[in-house]
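Engineer: only geometry, no sequence info:
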């Protein structure tokens, strides 16, 4: 494994002033990791559109290369085009393009673009090659996919539409990741596919997230976490150990980098990163050379 593997980080827009202060503090601490970029999530149908834009600006002021998430579901081409123009004016060069889900209360109107591949095509039509486009990948299959093959086909569609690289849904089984990458490569697609890493700090929260997104928590992990009960220190220590070992295996076996879902907290992500054989290199041109295995 190269000693120079890059990382990226994900944050979500804070809901109030106290959460904003906490996020800014976490982002400053995580700057020690010298992330290639930080992504900022986007609510379905624009439910956090203002919060995303505000958080992107805050990240830029902190010196981060910010990559806003952009969801197409429930939106129009006109609205999406205005958002893209605004981000371009801010100097944003990277977008995470997602389908998203309809928020409650929107009924059945999916908007003008129905799939992430449609959004990728629209971004290319509207903005050309200005943006480096990230898309999502699902090593354990998207929960709404009809089959593993259909899910793979949807991913290939996003790449053929113009996406540059991908970030996976988090998982706890590295074999699922490597199997997915092998299947993508067999289709002749060689874009970087960076594993998404979810730190473990709260079992109830993790179980809720995993039920929603289809990420499998292995039985042995569930039982260990349940045994800890409300012992937060033990859950944290166990989580750091498990995720560090998994992350190192991913890197050792060829993953191009790591994308941490920070949940706006710095301590656990930093603890994992410090134990990994991961370096930073200002010469890296992220996502430009799939052969070198760089993170997107």
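Structural biologist: Sure thing, it's come through. Everything quoted here is computed from the prediction, not taken from an experiment.
Engineer: quick one, strands of the stretch 1-150 of the chain?
Structural biologist: For the stretch 1-150 of the chain, the strands defined by DSSP state E, counting those that start in this stretch occupy 6-11, 38-40, 66-71, 94-98, 132-137.
Engineer: chain center to the fourth one: distance?
Structural biologist: Which is strand 94-98. Relative to the centre of its chain, strand 94-98 is centred 10 Å away, using CA atoms, centre = their mean, to the nearest Å.
Engineer: and the first one, by the same measure?
Structural biologist: Mean-position distance between strand 6-11 and its chain equals 8 Å (CA atoms, centre = their mean).
Engineer: what's it packed up against?
Structural biologist: With contacts defined as 3 or more CB pairs under 8 Å, 6 or more residues apart in numbering; DSSP states H and E, strand 6-11 has these neighbours: helix 17-30, strand 38-40, strand 257-261. All C-beta atoms are positioned from the backbone trio N, CA, C, and that covers glycine.
Engineer: switch to 10 Å and redo it
Structural biologist: helix 17-30, strand 38-40, helix 49-61, strand 66-71, strand 193-194, strand 196-197, strand 257-261, helix 267-275 (3 or more CB pairs under 10 Å, 6 or more residues apart in numbering; DSSP states H and E).
Engineer: give me the mean pLDDT for the fifth one.
Structural biologist: Confidence over strand 193-194 (mean pLDDT, whole number) is 98.
Engineer: again with the second one
Structural biologist: In this model, strand 38-40 has an average pLDDT of 96.
Engineer: give the partner strands of it in its sheet and their orientations.
Structural biologist: Partner strands and pairing direction for strand 38-40 (DSSP bridges) are strand 6-11 (parallel), strand 66-71 (parallel).
Engineer: in JSON lines: those, plus distance to residue 169 and mean pLDDT.
Structural biologist: Shown next, in JSON lines, are those (distance: least, CB to CB, whole Å; pLDDT from 0 to 100):
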{"stretch": "strand 6-11", "distance to residue 169": "12", "mean pLDDT": "94"}
{"stretch": "strand 66-71", "distance to residue 169": "14", "mean pLDDT": "94"}
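Engineer: longest helix in the protein, by residue count?
Structural biologist: helix 232-252 (DSSP state H).
Engineer: list the buried residues of that one.
Structural biologist: Residues of helix 232-252 classed as buried by neighbour count (16 or more other CB atoms under 10 Å): 235-236, 238-240, 242-244, 246-248, 250-251.
Engineer: for stretch 150-169, same thing?
Structural biologist: Neighbour-count burial for stretch 150-169 [16+ other CB under 10 Å]: 151-152, 154-159, 161-169.
Engineer: take these and keep only those in strands.
Structural biologist: Mapping the buried residues of stretch 150-169 onto strands (DSSP state E) picks out 165, 166, 167, 168.
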